[in-house]
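Chemist: Can you look at this prediction? I've put the sequence above it.
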Number of protein chains: 2
Amino acid sequence: MPPTQRRQPKQARSRELVDRILVAAGELFAGRGYPFVTTNHIAEHAGVSVGSLYQFFADKEEILAALQDAWTARLGAELDLRLRVDADTDLAETVEAVLDLHAELNRQPPGLLGFLLISTFGKQDSNGVVAAIHERLLDLLASRAPHVSPHRRHVIASMLVHITNGLYSVGLTAGATDPAVRGEVRAALLGYLNQVLAE
Amino acid sequence: MPPTQRRQPKQARSRELVDRILVAAGELFAGRGYPFVTTNHIAEHAGVSVGSLYQFFADKEEILAALQDAWTARLGAELDLRLRVDADTDLAETVEAVLDLHAELNRQPPGLLGFLLISTFGKQDSNGVVAAIHERLLDLLASRAPHVSPHRRHVIASMLVHITNGLYSVGLTAGATDPAVRGEVRAALLGYLNQVLAE
DNA sequence: GTATTATCCGAGCTTTAGCTCGCGTTTCTC
DNA sequence: GAGAAACGCGAGCTAAAGCTCGGATAATAC
């Protein structure tokens, strides 16, 4: 059965508490990986008791889900701002905007964006964060590459997400904040896109 | 302290038992992800008792390490055969050979290669499987792109590994054995490589 | 001020993953 | 064939993760 429904925060202090929990959880998930983070870790790192944590979250998974929801909304909004679908804007410019966005979002709960994008941990969880990006890319491809079959557009969108994720997974092996990594990801995206769009 | 040393198999039956454990572990790791697989699962799936399992493996991590070692050796040998460094062989041909190799290796303990390549689970484990590929790619880049700085060659090699991993992580979202995925990975590799080598 | 509701706390209960241990069985050695 | 070594087994021990519960405190309602 699904876990019992929890209380919704009604006062300012409890809303702050929930926020602190989400921030703490984000940092820990990004740092150690979801399976290696305990709810006691989260509570301690947030300066909150486990009891309080479980007043607002039914289980550990729900904390992750809340994080994903928040970031899905945030990413979707940001992408709508920056991924203008005008067929005449320069491709390199669009790519640059996306890389900027990633750099920016990956700053504050550090590494969390990368974690949310990369982690699937075995289950094919309907990853809303990835889906948000995927959806926008499909729109973009529909206007830029209308001759490509819809099915292939899906695959291409997945590839684009994956290559961009190189920012994080390659960053792990090559030094996390290496600007050279960003350069290579840009090169890979442009090289691939040019080849696809030129067909 | 490190876990106590275990017995080495000395009879045929125990060697078979170890093999069965490794195969079972590989399938389960690939299917559910390392953290979600218990040693009891492995033993059960291998048709072996937990006790027997722990006669040859000190802990769960050692099972993973044994798998990685075996695949590191296997991949290294295969790559040495196929990744000829002659600067005159066609690039597309080399890429094709690598994609063939991946398809072939990913067949028997299904999905295990993808798992070994992708999984880092938080810790920056010195992933020998990836290192084996990385090393060969560095050689190849040294002969093909001698004008590129060594540091950048490292980053490029990481990107190549990452893009190739798209075979697995994109395959998860786009239908596991979709041949279109292979086509896109090839396009991405060639598009990126051409751009890098043309500079 | 009092009653009511929301909040917070953390010791400790429950479950389960990782792993051990002693005994029975098979194979090897001579 | 007898003794020794290697092997196989699975009930159950230990530690730790997930989570609960009852009581104390703070905010809100009237």
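Modeler: Sure thing, it's come through.
Chemist: Pull out the buried residues from stretch A:58-70.
Modeler: In terms of neighbour count (16 or more other CB atoms under 10 Å in any protein chain shown), stretch A:58-70 has its buried residues at A:60, A:63-64, A:66-68. In this view, the C-beta of every residue, glycine as well, is placed from N, C-alpha and C.
Chemist: Correction: the previous question concerned stretch A:36-44.
Modeler: For stretch A:36-44, burial by neighbour count (16+ other CB under 10 Å) applies to A:37, A:39, A:42-43.
Chemist: what about that stretch, near DNA strand D?
Modeler: Yes - counting by CB under 7 Å from any atom of the strand, DNA strand D is contacted by stretch A:36-44 at A:37-40.
Chemist: what comes into contact with that stretch?
Modeler: Residues outside stretch A:36-44 that contact it (CB atoms under 8 Å, 6 or more residues apart in numbering or on different chains): A:21, A:24-25, A:28-29, A:49-50, A:52-54, A:60, A:63, B:35, B:121-122.
Chemist: Just the buried residues out of those residues, in ChimeraX syntax.
Modeler: To isolate in ChimeraX the members of the contacts of stretch A:36-44 that are buried, counting by 16+ other CB under 10 Å, one can use:
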select /A:21,24,25,28,29,52,53,54,60,63 /B:35,121,122
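Chemist: filter the contacts of stretch A:36-44 by proximity to DNA strand D?
Modeler: Residues of the contacts of stretch A:36-44 in contact with DNA strand D (CB under 7 Å from any atom of the strand): A:50, A:54, A:60.
Chemist: any idea how far A:Leu117 is from A:Trp71?
Modeler: Using CB to CB, to the nearest Å, A:Trp71 is found at 9 Å from A:Leu117.
Chemist: Compare neighbour counts for those two and give me the winner.
Modeler: Between A:Trp71 and A:Leu117, counted using other CB atoms under 10 Å in any protein chain shown, A:Leu117 has the larger neighbour count: 23 against 20.
Chemist: That one contacts A:Val129, correct?
Modeler: Yes - assessed by CB atoms under 8 Å, A:Leu117 is found in contact with A:Val129 at 6.2 Å.
Chemist: since we're on A:Arg7, how many residues are nearby?
Modeler: Residues lying near A:Arg7 (other CB under 10 Å) number 8.
Chemist: and if you look at the one 3 residues further on?
Modeler: A count of nearby residues for A:Lys10, using other CB under 10 Å, gives 7.
Chemist: what about A:His147, is that helix, strand or coil?
Modeler: Three-state assignment for A:His147 (DSSP: H, G, I helix; E, B strand; the rest coil): coil.
Chemist: Next up, the contacts around it.
Modeler: A:His147 makes contact with A:Glu199 under the criterion CB under 8 Å, 6+ apart.
Chemist: State the three-state secondary structure for A:Asp86.
Modeler: Assignment for A:Asp86 (three-state DSSP): coil.
Chemist: on that earlier part again, okay, the buried residues of stretch A:58-70 in JSON lines with pLDDT and distance to A:Arg107 next?
Modeler: Below are those laid out as JSON lines (pLDDT from 0 to 100; distance: CB to CB, whole Å):
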{"residue": "A:Lys60", "pLDDT": "95", "distance to A:Arg107": "26"}
{"residue": "A:Ile63", "pLDDT": "96", "distance to A:Arg107": "21"}
{"residue": "A:Leu64", "pLDDT": "95", "distance to A:Arg107": "21"}
{"residue": "A:Ala66", "pLDDT": "95", "distance to A:Arg107": "21"}
{"residue": "A:Leu67", "pLDDT": "95", "distance to A:Arg107": "16"}
{"residue": "A:Gln68", "pLDDT": "94", "distance to A:Arg107": "19"}
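Chemist: need those residues in TSV with distance to A:Gly183 and secondary structure, can you?
Modeler: As requested, the buried residues of stretch A:58-70 are exported to TSV (distance: CB to CB, whole Å; DSSP: H, G, I helix; E, B strand; the rest coil):
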residue	distance to A:Gly183	secondary structure
A:Lys60	38	helix
A:Ile63	35	helix
A:Leu64	32	helix
A:Ala66	35	helix
A:Leu67	30	helix
A:Gln68	29	helix
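Chemist: Buried residues of stretch A:169-184, list them for me.
Modeler: Within stretch A:169-184, the residues scored as buried using 16+ other CB under 10 Å are A:169-174, A:176, A:178, A:180-182, A:184.
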